[in-house]
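Enquirer: Coordinates for the following, if possible.
(one chain, ligands or ions: 1)
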Amino acid sequence: MQTRPTLQAAPGTHTRPRTPGMIQENCPICGGGSVGTVGVKDGLRVLRCANCTAQYSERAPEVSQLPEMYNRAYFHGSRTGYPAYEADESLHRARARHYLEDLTAHTASTGTLLDVGCATGFFLDEARQSGWLVRGCEVSEWAATYAQRRFGLDVVTASFPTPLLGPQRYDAVTFLNVFEQLPDPHGAEHVLRDLVVPGGILALETWDVDALVARWWGMRWHRYHPQETPVYLNRRSLTALFKPEHWTLVEYRARTKWITLAHGLHALGLAAHPTRNGGPPHHGLRERIGKVSLPYRLGDLVWAVFRRAER
Ligand SMILES: [Zn+2]
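Expert: Residues are numbered from 1 along each chain as shown. Okay, here's the model as predicted:
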């Protein structure tokens with residue numbers, strides 16, 4: 001891989017590394033070198049790959065950091081997460097039904113489905129009701145426990161990829177706003193070759209760093225979180241990772257996503273800070289206004305579907 005761990009304090013000392021994470025000297029998608037710095041945010045440089053044009057943070061989170069990064073607070077008001085995730089259940093479920101419609105455009109029938117980064121399981125629960133045999137993988141212990149206890153879902157609590165998923169294969173694997181958060185996308189693609197059955201599909205909802213709005217806003221684009229998000233994708237970098245000998249890109253388009261006003265303001269950094277106990281900042285009238293949903297269609301959110309090659 002093109003990453004190496006940062007220098008750690010020697011055993012027995014109390015010095016903590018000042019900036020934890022894996023230095024990404026080269027593009028985590030294709031291994032190419034950088035053509036330079038796109039910008040700096042939160043103390044980290046974002047670089048652009050000379051080869052596949054992906055952008056990437058100079059430092060990626062380590063797998064060991066992920067459980068804490070996606071703890072309960074991430075779903076309840078942390079700056080880069082959600083204002084109040086499960087409070088918007090009806091919206092998550094409506095969105096899930098749209099994903100399922102989009103999946104069935106590429107599948108002859110329902111079958112086995114793995115959702116990576118399944119959060120609280122609303123999508124999986126909807127998929128199960130539609131006839132899919134479902135399983136989840138979720139690094140957040142809080143979210144995985146919610147999905148297990150409330151819906152009785154089979155959720156592996158781990159970062160992806162993980163040997164805990166075992167040898168089972170799936171007709172469909174989904175990553176909904178998750179793939180760009182993986183510390184090792186290259187390793188993930190290798191594992192996905194075995195996880196998706198020949199002819200099966202891999203569906204990603206992710207963000208296109210080449211979208212007009214991303215280029216227009218520059219480092220103010222709301223998806224730049226280089227402390228947490230290691231890579232920023234586009235069509236070219238996705239097809240550089242999911243190569244034609246293993247995958248066929250069958251759909252790539254901008255999509256509309258219904259979000260709450262509270263989430264939109266939160267993502268843009270315009271919402272009030274969370275309460276001290278980590279709870280959502282919206283109360284009363286403000287909470288009701290925050291629940292108003294609106295279509296997000298700025299062109300930077302994309303739906304990419306790959307079909308696994310037949311062997
Ligand atoms: Zn690259």
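
Enquirer: going forward, measure contacts between C-alpha atoms and count neighbours the same way
Expert: OK.

Enquirer: and the longest strand for this protein?
Expert: With DSSP state E setting the assignment, residue counts place strand 196-207 as the longest strand in the chain.

Enquirer: Just the buried positions in it, please.
Expert: V196, V197, P198, G199, G200, I201, L202, A203, L204, E205, T206, W207 (16 or more other Cα atoms under 10 Å).

Enquirer: from memory the fifth one sits against Y170, does it?
Expert: Yes. Applying Cα atoms under 8 Å as the test, G200 and Y170 come out as touching, 7.3 Å apart.

Enquirer: Who are the contact partners of L268?
Expert: Shown in contact with L268 (Cα atoms under 8 Å, 6 or more residues apart in numbering): H222.

Enquirer: Look up phi and psi at the closest residue to R97 other than its chain neighbours.
Expert: Using Cα to Cα, 6 or more residues apart in numbering and skipping residues adjacent in sequence, the residue nearest R97 is E126, 6.8 Å away. Here is the backbone geometry of E126 (degrees, to the nearest 10): phi -70, psi -40.

Enquirer: ok, now T174?
Expert: The phi and psi values for T174, taken as degrees, to the nearest 10, are phi -120, psi 140.

Enquirer: what's it in contact with, if anything?
Expert: Taking Cα under 8 Å, 6+ apart as the test, what T174 contacts is L113, L114, D115, V116, L202, A203, L204.

Enquirer: which one of the residues you listed is nearest the ion?
Expert: The ion has its nearest neighbour among the contacts of T174 in L204, at 18.3 Å by Cα to the ion.

Enquirer: thinking the residue nearest to R97 is in contact with R93, fair?
Expert: Yes. Counting by Cα under 8 Å, E126 touches R93, with 6.7 Å between them.

Enquirer: if you skip the residues just before and after it, what's nearest to the residue nearest to the spatial centre of the chain?
Expert: For the chain, the residue nearest the mean C-alpha position is V178 (1.3 Å; Cα atoms, centre = their mean). Leaving aside its sequence neighbours, V178 sits nearest to G117 (Cα to Cα, 6+ apart; 6.0 Å).

Enquirer: Kindly report the residues of this protein close to the ion.
Expert: Counting by Cα under 5 Å from the ion, the chain comes close to the ion at C27, I29, C30, G32, C49, C52.

Enquirer: Count residues in the vicinity of the fifth one, would you?
Expert: I take that to be C49. Number of residues near C49 (other Cα atoms under 10 Å) recorded here: 22.

Enquirer: Count the residues that sit near the closest residue to it other than its chain neighbours.
Expert: Nearest residue to C49, sequence neighbours excluded (Cα to Cα, 6+ apart): S34, at 4.5 Å. By other Cα under 10 Å, 20 other residues sit near S34.

Enquirer: contacting residues for S34?
Expert: With contact taken as Cα under 8 Å, 6+ apart, S34 is in contact with N26, C27, L47, R48, C49, A50.

Enquirer: so the second one sits right up against S57, yeah?
Expert: No. Counting by Cα under 8 Å, C27 does not reach S57; the two are 9.2 Å apart.

Enquirer: Name the residue of the stretch 151-300 of the chain with the shortest distance to the ion.
Expert: For the stretch 151-300 of the chain, Cα to the ion, closest residue to the ion: S237, 6.3 Å.

Enquirer: That residue in helix, strand or coil?
Expert: Secondary structure state of S237, per DSSP: H, G, I helix; E, B strand; the rest coil, is helix.

Enquirer: residues in contact with it?
Expert: Residues in contact with S237 (Cα under 8 Å, 6+ apart) are I29, C30, C52, T53, A54.

Enquirer: cool, and N234?
Expert: If you count contacts by Cα under 8 Å, 6+ apart, N234 has them with T53, A54, W207, D208, V209, D210.

Enquirer: For those, give me JSON lines that also has pLDDT.
Expert: Below are the contacts of N234 laid out as JSON lines (pLDDT from 0 to 100):
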{"residue": "T53", "pLDDT": "96"}
{"residue": "A54", "pLDDT": "97"}
{"residue": "W207", "pLDDT": "96"}
{"residue": "D208", "pLDDT": "97"}
{"residue": "V209", "pLDDT": "95"}
{"residue": "D210", "pLDDT": "96"}
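
Enquirer: just to revisit the earlier point, quick check on the residue nearest to C49: phi, psi?
Expert: When read as degrees, to the nearest 10, the backbone of S34 gives phi -90, psi 150.

Enquirer: Just the pLDDT at whichever residue of the stretch 51-200 of the chain sits closest to the ion, thanks.
Expert: As assessed by Cα to the ion, the ion sits closest to C52 within the stretch 51-200 of the chain, at 3.9 Å. Model confidence at C52, given as pLDDT, is 96.
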